[in-house]
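Colleague: the following block contains a protein sequence and its predicted model.
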Amino acid sequence: MKTFEYARPSTVAEAVALLEQHGPDAELLAGGTDLVIEMRNAWKVPKVVIDLKRIDELRPAIRENGQWISISSTTVMTDIAEDARIQKYFPALVESAVVVGSVQIRARATLAGNICNGSPAADTAPPLLIYRAVVAIAGPAGRHKIPIDDFIVGPGKVALGRGELVTGIELPIPRQPIGAAYTRLTRRRGTDLASITLCCSVEEGGVARIAYGSVGPRAVLVEDSSGVLADPGAPDERKSEILDEVFADASPSLRSMRASPDYRRAMLRVLGARALQTAIDRFGDAS
Amino acid sequence: MKADGIGAAAHRLGGIGRVTGHQQYLADIRLADMLHVKLVKLDCARARIVSVDKSAAEQVPGVRLIMTADDLPQPVPRFGPQFQDRPILADGETKYHGEPVAAVAADTKEAAEEAARLVVVEHEVLEGGVFSVADALDPGAPLVQDPSIRADDQWARTNILREHRFGWGDVDAQEADLVIENLYEFPMVTHFAIEPHGFMAAPDGEGIAVWSTIQHPYLLQKTIGKLLKLPLSKVRVFAPDPGGGFGGKQNPKLEPLVAYIALHTGRPARLVLTLEETFQAVRRASAEVTVRTGLNSDGTLVFEDFECNFLIGAYVDIADRVVTKGSYLAAGPYRVPAVRIVARGILSHTTPSTAFRGFGIPQVTWARESNLDEGARALGIDRLEIRLHNLAEKGEEFVPGDTPADGHWVQSVQRAAELIGWDQPLAPGRGRGIALGLKSGPTTGLSYSTVRLLADGSVLVFSGTSDMGQGARTVFAQIASQELGVPLDRISVVMGDSSVVPYDQQTSASRSSVLMGTAVFNACLDIRNKLTALIAARFEVPESDISIEGGVVRIPDVEMTITEALQAGLGPLGGELVGNGEMRKDKDPSHPLGGSAAFFEFNTTAIELEVDPGTGEITILRHITVGDVGTALNPLQVAGQDEGAAIMGLGHTLMEHYIFDEDGRIRNLGAIDYRIPTSMDLPLQMRSDSIENADGPGPYGVKGISEGALLAVSPAVGSAVTEATGLIIRDLPLTPQRVWEAMTERA
Amino acid sequence: MSESLIIEATINGFRRSFEVAVHHTLLDVLRDQLGLTGTKECCVVGECGACSVIVDGRPMNSCLMLAVEVDGAEVTTVEGLALGDGHLSPLQGAFLDAGAAQCGFCIPGQLIAAQALLDRIPHPTIDEIHEAMAGNLCRCAGYEQIAKAVQAAAEAANS
């Protein structure tokens, strides 16, 4: 690994200043589970590495204010999975957090990092889309928030400008009952990168939402307000037609060695139907 | 002697170091003033090397040497266990993805890595790389190997290394009620020992010292001696316990390169491969096996006709031996009146294939057992019944003129059937499979051991075996404990130093308990004889009046411990008794394999599973493995080896394979995209059992056991998948995608 | 900002202060600088778990951390698992009893993952054990013996 300058700011403002100063020569270090590999392989050769873990404001913390749960950008998967409030309000996010890598990885990898990396296969992206997460950003021009759907752009790309960093991810606490489920497709049961990531929800008014990733440049969110998908009694053929539309935009990589495009497309349907059923069951339990 | 001796579930010797972190593996050893070596490789398989520009790399502070083929003696020296075909560094052309072109030696690892990136290799990627059996046999294909390497060989101008023919009876003259013919494919898989391969060398007086994660230190000693023109006495090989071998660490690979670097620089040099480089260094031969099985309507095997094409790599390593040993027993443990086997090793521009647990047998077993099941289904005969019907009985010459069946194999089959509940009703959606595996043990062998009974009655055993996890140390200590009546905590086993420990041919083919075990046993016998002579002289009694049993020495009217007898016999100066033992199994040039099997490894594997009808994912509900072990010297270690082999077999059955791009690059190098079983991929229930009839050739009737449970996993799983789904898949691994594709194709 | 830094960390119970290059991983520093070679290097991508250490109570892959990141932290390596009097810990003893260590190369990481599990869940179920150890590859595939050892250590702590 090439050497670099290591910075350990203690405030967000300091971090923003460093980022603004060094631009593309700087890399942010939170969990480092991707960055260290990228630096070792010289895929990234930053001049400055900015470690966010000593910023008091970002200290691993999950906060609740009655309407929102906010998860700071240095919060790791283990913290998310173990948090009773997240378990209660956002179980599908927990389901996605507990399958990111191994115990060792989850003790290190952050939720914000999972999203900021821009990996199409990020496990937490579909549930964050489903739960209408908002990304809190700090930058030279101050602070703002944008919906996760606008934040995720494409492979390796997120909506961050020069000098900007994510300070946290915020989730609105659902006011109505919601049933949600996360599932994924892997090559083995043990730790693996997913060939499909998929999250479904069923909400009041017969709205079903499906978010899925790893089958195109970014995770996408599709809403079905016809009531068919959310209806436990709807005939399979009708659901099938709608699921065809839901997954119509999937464009799995032709070059992937993890799964063929045909298999991924077919598994979207299988996993989609299964996750939907789980979501329906959970909605029934919740309401 | 159950507590410490034979049959005891004794703690592993070396176990304490393994749980405290103090066990020194190769990469844990630091030599003063050591240079770090990094390989320079090309990101392509087959290329002509035009020139190597070292200038930028030489500017990196701390770089001491950048070695290319031009810096070596000319012609570039070549070596190999069977053919002298592997060059020290790529010689004018790279022949597989990752073949080293140059090596950088520097004061620090970082400097070596940085400089290696800066070495510019001008090269021309050559079209027409040979990456498959079909590529290799295409009349227009380039020759992978320079014909001059085997100039007088009839196959030299083809990509076929050799073609072997075995068999008996007249297959063409046989009349069968049913003939089933199919092609079965077995993927390229890699050993993935958790310890990556590593090598060190240092000038040592007039000679050289070499450290390696090697299974065959004495072969390495010979190889280095020959290349460097040094007498064996000036080549000292240190072989620290390998962190897993599985065959991949049998033969020398990069030790000669590191030795040249050490001699060139006059400094110790060390090269520890990355996991990715290890993947590029060793793999199992993939295979395409066509089998025609002739059966009578009552299930009697009439003939078996095999064509086995093993895709070996760019250099032979031990692959020709894999081809012959893998195919010679292709017909398995059955009585078959006529068998024809044609087996070829086919060269390709891929990673050199080498020994890998099972040594060619798993590839052929996948074909034979699966095809037998197809026959049974076609005839409406139970898959267990058809096996029992044709299985050779103990003492039966199932290969005419060769070693007869050396075990009551039927017991293993019946035990496995009983444990899986073969006759029990099967839940809907589930399937069961049962398959038999048979492998020749070693066909030749030469092991020496020295045992020293020290003045305080403690014992040192010297053995040239490599303890790579199979637990050889523990077993040898148990043998010494049994024979000398000394508790295990007073026995040490010395291994891994060719200047101290006497010669052993190799650690392979599950041989060590039988061959080295016998040498240790004989060395203990030698000590007992010497002790008897000593006591006879000291107490002035005839030797025939002395008995040594269970650590107690008896002469008329006197009973004493071995230690008391030893001390009395040695007198005031003390000293020790040194015993030597030998075990030799000579070559038999008349035998197709150069020697009959010292023993057979026989295993029955039975599987119950279910298949997810939506995703194709297989869940192994129960996995039974029953080996015919002769005697379990240490049941704990037998279970460890057996279950480990079984799970490794699940790896190549369910998930493992190299993935290549069109240009012969391995795309899934490293741990992220080459999947092996984790703790969450285990069968829901695993049961390992042993048949013990003390009918092996080793001490106490032991046979080798470390490979058996891997041999028949694939066909047992495949057969169960067929029962669960009705699908027949003849290509491994049975990934969810592949199973789903088969389901889709049917629909 | 600097290319090397003096950090202070508690390594296996001892507070120590030492200088590290900022681009060196914790694995590099443990093995090459502190001589704690029990922590093993294999895949260096966080998949095999051979390099696992416990940092502030949680198991982590030392190959994916910069050494500077443990400034102020408590680190336990395999060398720190034995009891203070040099005796093996119950977990280490259970590994020997169960025959869980074969070639042994993955075992330091397995022990670290198991110890971290038992610290968090003193009486884990078999599924919790397999789940907690899924980041530690064993190619000898001694998974059954390893799980039995962890269970035995948990039971021993009970009695």
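Modeller: Done, it's in. Numbers count the residues shown, from 1 in each chain, chains lettered A, B, ... in the order given.
Colleague: and B:A69, what are its phi and psi?
Modeller: The phi/psi pair for B:A69 (degrees, to the nearest 10) reads phi -60, psi -30.
Colleague: so what's it up against?
Modeller: By C-beta atoms under 8 Å, 6 or more residues apart in numbering or on different chains, B:A69 lies in contact with B:I49, B:V76, B:P87, B:I88, B:L89, B:A90, B:D91, B:G92, B:V101, B:A102. Quick note: C-beta positions are derived from backbone N, CA and C, even for glycine.
Colleague: and the two most separated of the residues you listed?
Modeller: Using C-beta to C-beta, the pair of these lying farthest apart is B:I49 and B:I88, separated by 14.1 Å.
Colleague: let me see the ranges of the strands in chain C.
Modeller: Assigned by DSSP state E, the strands in chain C fall at C:4-11, C:14-21, C:52-55, C:58-61, C:74-76.
Colleague: low-confidence stretches in chain B?
Modeller: B:1-2 (pLDDT under 70).
Colleague: show me which residues of chain A sit near chain C.
Modeller: Residues of chain A lying near chain C by C-beta under 8 Å from any C-beta of the partner chain: A:1-8, A:29, A:32-33, A:36-37, A:39-40, A:48-49, A:51, A:53, A:78, A:101-105, A:107-108, A:190-191.
Colleague: the residue in the stretch 601-747 of chain B that chain A sits nearest to: how many residues sit nearby?
Modeller: Across the stretch 601-747 of chain B, no residue is closer to chain A than B:T678, which sits at 2.8 Å (C-beta to the nearest C-beta). Applying other C-beta atoms under 10 Å in any protein chain shown, we find 27 other residues in the vicinity of B:T678.
Colleague: which residues touch it?
Modeller: A:R188, A:R189, A:G190, A:T191, C:A134, C:G135, C:L137, C:Y143.
Colleague: which positions within the host helix or strand of B:L636 qualify as buried?
Modeller: In this structure, B:L636 sits in helix B:635-654 according to DSSP states H and E. Buried positions in helix B:635-654, judged by neighbour count with 16 or more other C-beta atoms under 10 Å in any protein chain shown: B:635-654.
Colleague: out of those residues, which touch chain C?
Modeller: Counting by C-beta under 8 Å from any C-beta, B:L636, B:Q637, B:A639, B:G640, B:Q641, B:E643, B:G644, B:A645, B:A646, B:I647, B:M648 from those sit close to chain C.
Colleague: and the strands of chain C: which comes nearest B:R64?
Modeller: Closest among the strands of chain C, using C-beta to C-beta: strand C:14-21, at 21.2 Å.
Colleague: and the closest one with chain A, contact?
Modeller: Yes: Strand C:14-21 lies within reach of chain A by C-beta under 8 Å from any C-beta, at C:A21.
Colleague: tell me which other helices or strands that strand touches.
Modeller: The helices and strands touching strand C:14-21, judged by 3 or more C-beta pairs under 8 Å, 6 or more residues apart in numbering or on different chains; DSSP states H and E, are strand C:4-11.
Colleague: neighbours around whichever residue of the stretch 401-550 of chain B sits closest to chain A, how many?
Modeller: Nearest to chain A, among the residues of the stretch 401-550 of chain B, is B:G429, at 15.9 Å (C-beta to the nearest C-beta). Residues lying near B:G429 (other C-beta under 10 Å) number 12.
Colleague: how about A:I242?
Modeller: 17.
Colleague: just to revisit the earlier point, keep the contacts of B:T678, but drop any that are not near chain B.
Modeller: A:R188, A:R189, A:G190, A:T191, C:A134, C:G135, C:L137, C:Y143.
Colleague: need those in TSV (columns: distance to B:L227, pLDDT and neighbour count).
Modeller: Listed next are the ones next to chain B among the contacts of B:T678 as TSV, based on distance: C-beta to C-beta, whole Å; pLDDT from 0 to 100; neighbours: other C-beta atoms under 10 Å in any protein chain shown:
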residue	distance to B:L227	pLDDT	neighbour count
A:R188	42	94	20
A:R189	47	92	17
A:G190	42	91	24
A:T191	43	92	25
C:A134	44	97	24
C:G135	42	98	27
C:L137	35	98	27
C:Y143	41	97	27
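Colleague: between those residues, which is closest to B:R117?
Modeller: C:L137 (28.3 Å).
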